[in-house]
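Participant: Okay, structure incoming, though there's no sequence with it:
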DNA sequence: TCAAAAGTGTTATCCTTACACCCATGT
DNA sequence: ACATGGGTGTAAGGATAACACTTTTGA
């Protein structure tokens, strides 16, 4: 009964000669400390491949002959799927994440499956990563992977607008974009490049769209401002300008995908509360939302909207150590899930000037 | 240089004994004919496995000993990833989709990766499907897969509210939900079931949320109103009540995932235009949006909002064969992509009564 | 006393929603 | 004539965004 049948799905998708597909699971684990959004990273020097493995793909000669150049870069935690023990992908991920980092995450959501050729894989094998987004409160981590909490925006510094437009935009990114647009060979290509840059980075009248994280990352990658440690892409091709902290393999792309997804969800699902303890002040909630959206919010209206949407309820308790007047502690009102078709935190941009006007 | 290295990602994720992972690609190809949303389906009798293959999973004895019971059910098109020829997953999918159905899709977006154990796989292998959502205008299809355009809501009839609440809700679904809630063994479990049903199906004051397609499907699956043809789930367990047309394997779940994603995108990305020809009347646009959202919209306001958001521009041409007054033809204004951070079609629910008031 | 944070009140504007009504064509 | 679909006007109500101001603590 378990043999002798013909299963085309299997038969056609599997091997071709000795080339197969290998599958792994990645987790982008997010927490917020104060106003710093962090992701969990590990250093896995052995995992890094800095040379093309599929020799068809080797278009440029590798410049680093040793293994030091890219070795030791951090990446997001990775774990195998145990085809026998793990009933679902999600359970498999929870299992090895607990083993490697000691974290029991709450919220977990599948993000994307990365499978372009050129990802690391031995002897021509294809390597697939199913990436998950996990939200947690920041906790002590320890385990075989030697995990650390790294500031998310250290990898994507152009995404943090909380203190105004990031300096790196004017200094490196905009000039590079202009060059890239100007160097188009045809009018049509010029127009296409111009439009892409406008949409992704909000040039010339087009507003900056905080959600287009992946568009921005991919454009920067194309013009060579961020490098990925994948075969066929020599990190020296960035001409000496390398913005943001690099990561192993294509992990920075995964991390950008996670930020885009999370920013998108923020406004229509109450995900921010997954990053907070059971009770919190409204300032803490605002800090979390600001940290993730990368924008400063208007304090008074934020509070009013959160309260009048009945996202939270008073606990009656008071937080004393605020640095100012004691603040009331709130908790998330689960009932909103029932009351409203889609509910999240309103993201209304605010200016630094609107903080307070004493005097 | 291509050998002798240690690649932990590969080494740890691959085989354990002789158990491996097999990967395939699925496409949910969507088109709208008139007011009927359709998906492309194929019949692949050979692919169907109606018995547990991983013997650990066999919890109930199979009742159908032949191969006739589930064989011949339709499914969404499937194709293999060619690890050698296909540079990216997306290109691989485009390749075999063209081969099998003759379709060259435009819009293509990765949907989800399905990998629970229990999916079809020979000799205990794990089977992974990376599913994609594709949008196209309805075109002639032909090819090795014998593809046909099937009405989407024939699989998920409770999702079509265009002519009021679907009869199947009151007739089968609500009673079954009530039973399920009532049969909870503890107060806590009762409350949880009650809340889930409220959120998914909008019972008792909670509004129906058109976007929660997957919540609804999964709840129906859990209470046994829809069956999946996977090992460990006997289709007879639905006690004779089986709502909606069944599909092979877990393809109905994939189809529900696609509908949820598409409904979500509708309001913040201009995806509806991918399903329309270059020029169209506003009624056609409205029909497409209604078909996908499953709701009737308010005609006058729909038109006003589409126009004042400058989503479309006049072509000057006139469509004569409307059945009524000739209508102006419009085209999508690509410039909105630059002008607005997020733009889609406003979904404002309308009542049948608001159509016209000739008196 | 002052900085820092918590909180309240008020207003103009825009968007959403609803309703009423007229126009042009085919049968 | 009337059914069908195209198309315009307008007004109430609510959400948004901006601004001004008061309160309570710790250093």
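Facilitator: Right, received. Where do you want to start? Note that this is a predicted model, so its numbers are computed, not measured.

Participant: Backbone dihedrals for the residue of chain A found nearest DNA strand D, please?
Facilitator: Chain A approaches DNA strand D most closely through residue A:325 (2.7 Å), counting by Cβ to the nearest atom of the strand. In this view, the C-beta of every residue, glycine as well, is placed from N, C-alpha and C. When read as degrees, to the nearest 10, the backbone of residue A:325 gives phi -60, psi 140.

Participant: tell me which parts of chain A are close to DNA strand C?
Facilitator: Neighbours of DNA strand C within chain A, by Cβ under 7 Å from any atom of the strand: A:281-283, A:299-300, A:303-304, A:322-328, A:356, A:358.

Participant: Of those residues, just the buried ones, PyMOL syntax please.
Facilitator: In PyMOL, a selection of the buried entries from the residues of chain A next to DNA strand C looks like this (16 or more other Cβ atoms under 10 Å in any protein chain shown):
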select buried, chain A and resi 281+282+283+303+327
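
Participant: Narrow the residues of chain A next to DNA strand C to those in helices?
Facilitator: Using DSSP state H, A:282, A:283, A:299, A:300, A:303, A:304 are the members of the residues of chain A next to DNA strand C that sit in helices.

Participant: Between which two of those residues is the distance greatest?
Facilitator: Using Cβ to Cβ, these reach their maximum pairwise distance at A:283 and A:304, which is 14.1 Å.

Participant: got any ranges where chain A has weak pLDDT?
Facilitator: Where chain A drops to pLDDT under 70, the residues are A:1-20, A:44-72, A:118-125, A:140-142, A:144-145, A:229-241, A:322, A:341-359.

Participant: Swap in 80 and give it another go.
Facilitator: Segments of chain A classed as low confidence (criterion: pLDDT under 80) are A:1-21, A:44-73, A:83-84, A:117-126, A:138-146, A:204-205, A:227-242, A:320-324, A:338-359.

Participant: Can you pull the domain assignment for it?
Facilitator: Structural domains annotated on chain A: A:19-153, A:157-263, A:270-354, as defined by automatic domain parsing.

Participant: of all those domains, which lies closest to residue B:277?
Facilitator: Nearest of the domains of chain A to residue B:277, taken as Cβ to Cβ: domain A:157-263 at 22.6 Å.

Participant: Tell me the span between the first and last residue of the closest one.
Facilitator: Domain A:157-263 has an end-to-end distance of 16 Å (Cα to Cα, to the nearest Å).

Participant: Any part of it near DNA strand D?
Facilitator: No - taking Cβ under 7 Å from any atom of the strand as the criterion, domain A:157-263 and DNA strand D are apart, separated by no less than 11.8 Å.

Participant: distance between that domain and the chain's centre?
Facilitator: Between the centre of domain A:157-263 and the centre of its host chain there is 15 Å, according to Cα atoms, centre = their mean, to the nearest Å.

Participant: again with stretch A:315-332
Facilitator: 31 Å.

Participant: just checking, residue A:109 touches residue A:133?
Facilitator: Yes - with contacts counted by Cβ atoms under 8 Å, residue A:109 reaches residue A:133, the gap being 4.9 Å.

Participant: Show me which of the two is the more surrounded one.
Facilitator: Comparing residue A:109 with residue A:133 by other Cβ atoms under 10 Å in any protein chain shown, the one with more neighbours is residue A:133, at 24 against 15.

Participant: Could I get the buried residue list for the host helix or strand of that one?
Facilitator: In the assignment (DSSP states H and E), residue A:133 maps to strand A:126-135. For strand A:126-135, a neighbour-count test (16+ other Cβ under 10 Å) marks A:126, A:127, A:128, A:129, A:130, A:131, A:132, A:133, A:134, A:135 as buried.

Participant: Okay, residue A:92 and chain B: tell me how far apart.
Facilitator: 9 Å (Cβ to the nearest Cβ, to the nearest Å).

Participant: same thing with residue A:147?
Facilitator: Spatial separation of residue A:147 from chain B under the definition Cβ to the nearest Cβ is 15 Å.

Participant: which element is residue A:318 on?
Facilitator: Here residue A:318 sits within strand A:312-319, counting by DSSP H and E.

Participant: Sorry, slip of the keys, the one I care about is residue A:214.
Facilitator: Once you assign secondary structure using DSSP H and E, residue A:214 falls within helix A:213-222.

Participant: now the angle between helix A:213-222 and the helix or strand immediately after that helix in the chain, please.
Facilitator: Reading on from helix A:213-222 to the C-terminus, the next helix or strand found by DSSP H and E is helix A:251-266. In this structure, helix A:251-266 runs at an angle of 160 degrees to helix A:213-222, with axes from the mean of the first three to the mean of the last three Cα atoms, to 10 degrees as the basis.

Participant: Remind me what helix A:251-266 packs against, helices and strands.
Facilitator: Packed against helix A:251-266 by the contact rule (3 or more Cβ pairs under 8 Å, 6 or more residues apart in numbering or on different chains; DSSP states H and E) you find strand A:21-33, strand A:107-114, strand A:126-135, helix A:213-222, helix A:282-293.

Participant: so what does the helix or strand that comes right after the first one touch, helix or strand wise?
Facilitator: Okay, so that is strand A:21-33. Past strand A:21-33, heading to the C-terminal end, the next element that is a helix or strand (DSSP H and E) is strand A:36-43. Under the contact criterion of 3+ Cβ pairs under 8 Å, 6+ apart, the helices and strands touching strand A:36-43 comprise strand A:21-33, strand A:74-75, helix A:89-101, strand A:148-151, helix A:282-293.
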